[in-house]
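>>> here's my sequence, what's the structure:
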Amino acid sequence: QVQLVESGGGLVQAGGSLRLSCAASGRTFANYAMAWHRQAPGKQRELVAAITSGGTQYYVDSVKGRFTISRDNAKNTVYLQMNSLKPEDTAVYYCGADARFPKVRRGENDYWGQGTQVTVSS
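Purely as a prediction, here's the structure:
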């Protein structure tokens, strides 16, 4: 069982930055692929960024060059550094985890956090 707790969301002006954190419980964090997903009002949840247990990163095209996903296995934490934020980045951001990366890519994580709101004002 893995429990995920996100933090770091908030209100920021366009062009600003935020760093989201997701703290995971469990001794096998290093074995899990981790991801950040987001859901804007009236839209489906989408994968934003993911990182394998080995550190390989994946990004959706709309955030490439602006967002960076990283993980610290010693702290059981995954981060999402978000720079050059745009109003269209406004959403609830969810942390997800699964032992299998293909499931993460499909948004079929076994484990989910409760979400943190990110609001970007224009």
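>>> any buried residues in stretch 96-112, and which?
96-98, 101, 103-104, 107, 109, 111-112 (16 or more other CB atoms under 10 Å). Every residue, glycine included, has its C-beta placed from N, CA and C.
>>> would you confirm that residue 35 contacts residue 45?
No. Applying CB atoms under 8 Å as the test, residue 35 and residue 45 come out as separate, 11.0 Å apart.
>>> who has more neighbours, the two?
Taking neighbours as other CB atoms under 10 Å, residue 35 and residue 45 compare with residue 35 leading, 28 against 16.
>>> show me what the least confident helix or strand in the chain by mean pLDDT is packed up against.
Within the chain, confidence by mean pLDDT, DSSP states H and E is lowest for helix 101-105 among all helices and strands, at a mean of 93. Packed against helix 101-105 by the contact rule (3 or more CB pairs under 8 Å, 6 or more residues apart in numbering; DSSP states H and E) you find strand 33-39, strand 46-51, strand 91-98.
>>> tell me what the residue nearest to the spatial centre of the chain is bridged to.
In the chain, the centroid-proximal residue (CA atoms, centre = their mean) is residue 36; its distance is 2.0 Å. Counting by DSSP bridges, residue 36 forms beta bridges with residue 49, residue 95.
>>> try residue 78
residue 22, residue 71.
>>> residue 49 and residue 38 touch, don't they?
No. Contact criterion CB under 8 Å: residue 49 and residue 38 do not qualify, at 9.7 Å.
>>> quick revisit: and the buried residues of stretch 96-112 as JSON lines, adding distance to residue 10?
What follows is the buried residues of stretch 96-112, written out as JSON lines (distance: CB to CB, whole Å):
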{"residue": "96", "distance to residue 10": "21"}
{"residue": "97", "distance to residue 10": "23"}
{"residue": "98", "distance to residue 10": "27"}
{"residue": "101", "distance to residue 10": "29"}
{"residue": "103", "distance to residue 10": "30"}
{"residue": "104", "distance to residue 10": "25"}
{"residue": "107", "distance to residue 10": "24"}
{"residue": "109", "distance to residue 10": "24"}
{"residue": "111", "distance to residue 10": "24"}
{"residue": "112", "distance to residue 10": "20"}
